[in-house]
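>>> Turn this into a model:
(one chain, ligands or ions: 1)
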Amino acid sequence: MEKILRHRVNAWCDQSKLQLSASSLPLLGISDLEEARPRLWGQDILKSDSPSADPILLRGIFAIGKRGCDVVLTARKLSWSPILPETLGDALRAEFQHKEEFVELKDVFSVKLKRRRSVGQQNEGTLLGITIFICLRKGQNKLKDSTINLNNLSEDHCNTWFKQIKEILNGFPNRPKSLKIIINPNSHKKEARRIYSEQVEPLFKLANIQTDVTVTECKGHALSLLKECQLQEFDGLVSVGGDGSTNEVVHGLLLRAQMDAGRDTDSTFVPVRAPLPLGLIPAGSIDVLAYSLYGTKHPATAALHIIMGHLQPVDISTFSSHNRLLRFGFSSMFGFGGRALALAERLRWMSSNQRREFAVIKTLANLKPEDCEVVFLPVNSTDDCFSQARRYQGSPESECQDQWQSTKGHFLNISIMAIPSLCSMAPRGLAPNIRLNDGFMSLVVARNTSRSEFLKHLKRYASVKNQFDFPFVETYTVKEVKVHQSTRSGSTVKFEYMNSPTEEKYPWNVDGDLMETASEVHIRVHPQLINLYGWNIEELDESKANCSCI
Ligand SMILES: Nc1ncnc2c1ncn2[C@@H]1O[C@H](COP(=O)(O)OP(=O)(O)OP(=O)(O)O)[C@@H](O)[C@H]1O
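Below is the predicted model:
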C-alpha cells in the first residue's frame, strides 16, 4: 500500500513540476524528501487539478517571509500558499487552506538571484534564493517598485526558477532592453542629472536595461544629436528635463523620421510616425507633457512605465509658416502665453520660479491684445466616425469635405492643444475635453477684455469652475488652424525682448519652448504620430469623462 502511495505521489510531483530539493525540507520542518511528498500531495493536489488553472511550468518550495510556501509558476502568474503542518487543527487548516497569494507576471519587471557576501569574500557569495521585482499601483496614478523574496538555498532549484521566470519576462513585447537617454542638466532647478541618477537609473539597472546617456551642452544639442545618431540600436528614447527639453527631443525624433522617409516637409505633407517610443522623466517646473501622460510628476512612476513597456499613442501637431515646417509640438499659446515665455527666456539669470512669476506678472501688467484672424477647420458630427476609422486603419488624415470657419479681432490669448495639457495648476487640463489620441485639437481664444476679467479666467484653470464660462472666451474642437497676425503698415508690432526694432517676429509658446515666427502660422493635428511610454489616465479617471467644460 505504502509503495503504491509513494509511486502515485512521485508521479504527481513530476507531472505538476513540483521541485523538491533537500534544501526545501527544513522549510517544512521535515528531514526526508520522501516524507515531504505525501504532505504536499495531501493538501495541494486538488488545487492543481482545478480545470481553470493555467498549465503549471514549475512548482516548488520556498520560504516567503517566515513561512514555508508551496510556490507555483504558470506563464501568467506566480502564486504561493503556506504549507501547513499536519499537527494543525482542522479548523485552522480550513482557514489557511485557501490563503493563496499571487502576483501576475505582467506586473513583474525583473528577477535576480539573491546572494549574501561577507566583507572580503571573493566569490559571488552564498545563495539565499531569488528576488522578484514587481511594479505596484500606489494611489490613483503613481507606480512604485516592490520585491518578493523566495528563499531557498539550493543553487539548482533557484537557477531553474530564475531562468524560467526570466524567459517569461523576455517574452513581453514593448519592454525596452536598450534606451537612449537625453538629459538637460539646466532644466528648472538643475536637478535633472540627480533625478536621473537617484530615481531612474537604479530602476533601469534592476530591469537590465542598457542605457546610452547624453547630457546636453546647449540648446539645440538634442536636435543635432537626433539628426545623426544610430537610432536603430535602441528600443526607445528618454528625455529627462522639462517641457522645453522634451519638445526639442520630440521635434528631433519626428524630424529625423521625415528625413529618413524622404518627406518634403511643406505645409501639407503627411508625416510618418516616430520610429521609437519616447519616455518622459519630469525634471522641469510644470511638466505638462509628463502630467498629461502619467497624471503625476513622479520620476519613478515615469521610469516604471518605460520599464513595463506601457505604450500610449499620442496625437501631435505640426507648426508651419510660409509652406515650411517650423516645429512638431503638443500644445501652443500665442499672445499672453507667448509673450510671458519670451520675457521669461530673457530672464534666464533668475531662478526658475522667480523668472516665471515675474514674467507672468509683467506680461499681465502690460497686457495687450493681438490683432489676428484665426481660420480653423472645426470637427463636424461625422468626425467621430472618421477619427475612429483612422485610428483603426492607421490612416493619418481625414478625407471628408470640410468647411473652414474664421473669427477675427483683438485677442489676448490663443491656445491650440492636441493633448489635454494637465498640470498641477490646471488639474483638469487646459483642454479638458481633448484626449491624448482622439485626433482633434482644442482651440481656445480669449478676446480683448479688462485685465481683471482675464485674470479671473486664468484663475479658473486651478478651480473646479468652468474656465471657459466667460463672454470673451470661445472654444472650438478643430483639426486645423491658421493664425494670421495683422501687420498694419506704419504700426509694426514690436516686442520688448527683440534685439532689432525692425524685426517682425511673434513669440509662440510651443510646449514651454519659445518659437519666434513670422505673421502666419498653420497648425495641423496628426493622430497618433508618436508612441509615448505611459498610459491614458483619462480612461482611468471617471470624473474626467463626466466633465462638461466645453
Ligand atoms: N544644456 C543645455 N543648456 C541650456 N539649454 C538647454 C540645454 N539643453 C537643452 N536646453 C534647452 O533648454 C530649454 C528649456 O528646457 P526645459 O523646459 O527642460 O527647462 P526649463 O524651462 O527650466 O523647465 P520648465 O519649462 O519646466 O520650467 C529647452 O528649450 C531646451 O532646448
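>>> Just give the number of residues close to the closest residue to residue 429 other than its chain neighbours.
The spatial neighbour of residue 429 that comes closest, neighbours along the chain excluded (Cβ to Cβ, 6 or more residues apart in numbering), is residue 420 at 3.7 Å. To be clear about C-beta, it is placed using only N, CA and C from the backbone, and glycine gets the same treatment. Around residue 420 sit 27 other residues, with neighbours defined as other Cβ atoms under 10 Å.
>>> I'd assumed residue 146 was in contact with residue 137.
No. With contact defined as Cβ atoms under 8 Å, residue 137 and residue 146 do not form a contacting pair (10.8 Å).
>>> Packing partners of whichever helix in the chain runs longest?
Identified as the longest helix of the chain according to DSSP state H is helix 243-260. Here helix 243-260 touches helix 221-228, strand 236-241, strand 278-282, helix 288-294, strand 324-329, strand 513-517, strand 520-533, going by 3 or more Cβ pairs under 8 Å, 6 or more residues apart in numbering; DSSP states H and E.
>>> Pairing partners for the nearest residue in space to residue 298 that is not next to it in sequence in the sheet, please.
Among residues not flanking residue 298 along the chain, residue 142 sits closest, at 5.3 Å (Cβ to Cβ, 6+ apart). Beta-bridge partners of residue 142, counted by DSSP bridges, are residue 138.
>>> what's the distance between residue 142 and residue 505?
From residue 142 over to residue 505 the distance is 42 Å, taken as Cβ to Cβ, to the nearest Å.
>>> So which bits of the stretch 401-550 of the chain are right by the ligand?
When proximity is defined by Cβ under 6 Å from any ligand atom, the stretch 401-550 of the chain lies next to the ligand at 512-513.
>>> Going along the chain, name the helices of the stretch 401-550 of the chain.
Counting by DSSP state H, counting those that start in this stretch, the stretch 401-550 of the chain forms helices over residues 451-460, 537-540, 542-545, given from the N-terminal end onward.
>>> same check, this time on the stretch 101-250 of the chain
155-170, 192-195, 201-206, 221-228, 243-260.
>>> Reformat those helices as a markdown table; add mean neighbour count and mean pLDDT.
Converted to a markdown table, those look like this (neighbours: other Cβ atoms under 10 Å; pLDDT from 0 to 100):
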| stretch | mean neighbour count | mean pLDDT |
| --- | --- | --- |
| helix 155-170 | 17 | 96 |
| helix 192-195 | 20 | 97 |
| helix 201-206 | 16 | 97 |
| helix 221-228 | 16 | 95 |
| helix 243-260 | 23 | 95 |
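>>> which one of those helices lies closest to the ligand?
The ligand lies closest to helix 243-260 among those, at 2.7 Å (Cβ to the nearest ligand atom).
>>> Is there proximity between that closest one and the ligand?
Yes. Interface with the ligand: helix 243-260 contributes 243-245, 248 (Cβ under 6 Å from any ligand atom).
>>> what angle separates that helix from strand 513-517?
Relative orientation of helix 243-260 with respect to strand 513-517: 60 degrees, computed using axes from the mean of the first three to the mean of the last three Cα atoms, to 10 degrees.
>>> So what's the gap between stretch 113-125 and the chain middle?
Here stretch 113-125 shows a centroid-to-chain-centroid distance of 37 Å under the convention Cα atoms, centre = their mean, to the nearest Å.
>>> quick one: terminal-to-terminal distance for it?
Criterion Cα to Cα, to the nearest Å; first-to-last residue distance in stretch 113-125 is 11 Å.
>>> Tell me the backbone dihedrals of the closest residue in space to residue 140 that isn't next to it in sequence, please.
The shortest distance from residue 140 to any residue other than its chain neighbours is 6.8 Å, reached at residue 295 (Cβ to Cβ, 6+ apart). Dihedral pair for residue 295: phi 70, psi 10, per degrees, to the nearest 10.
>>> Next one, pLDDT for residue 295 please.
For residue 295, the pLDDT comes out at 88.
>>> Quick check: the gap between it and the ligand.
Counting by Cβ to the nearest ligand atom, to the nearest Å, the gap between residue 295 and the ligand amounts to 17 Å.
>>> Could you double-check that that residue sits in contact with residue 420?
No. Residue 295 lies out of contact with residue 420 (Cβ under 8 Å); the separation is 10.4 Å.
>>> follow-up on the earlier one: do you know which of the helices and strands packed on helix 243-260 lies nearest residue 379?
Of all those, the one in closest proximity to residue 379, counting by Cβ to Cβ, is strand 520-533 (10.1 Å).
>>> For that closest one, which residues meet the burial criterion?
Of all the residues in strand 520-533, those buried under the rule 16 or more other Cβ atoms under 10 Å are 520-533.
>>> how close does residue 436 sit to residue 105?
Counting by Cβ to Cβ, the gap from residue 436 to residue 105 is 27 Å.
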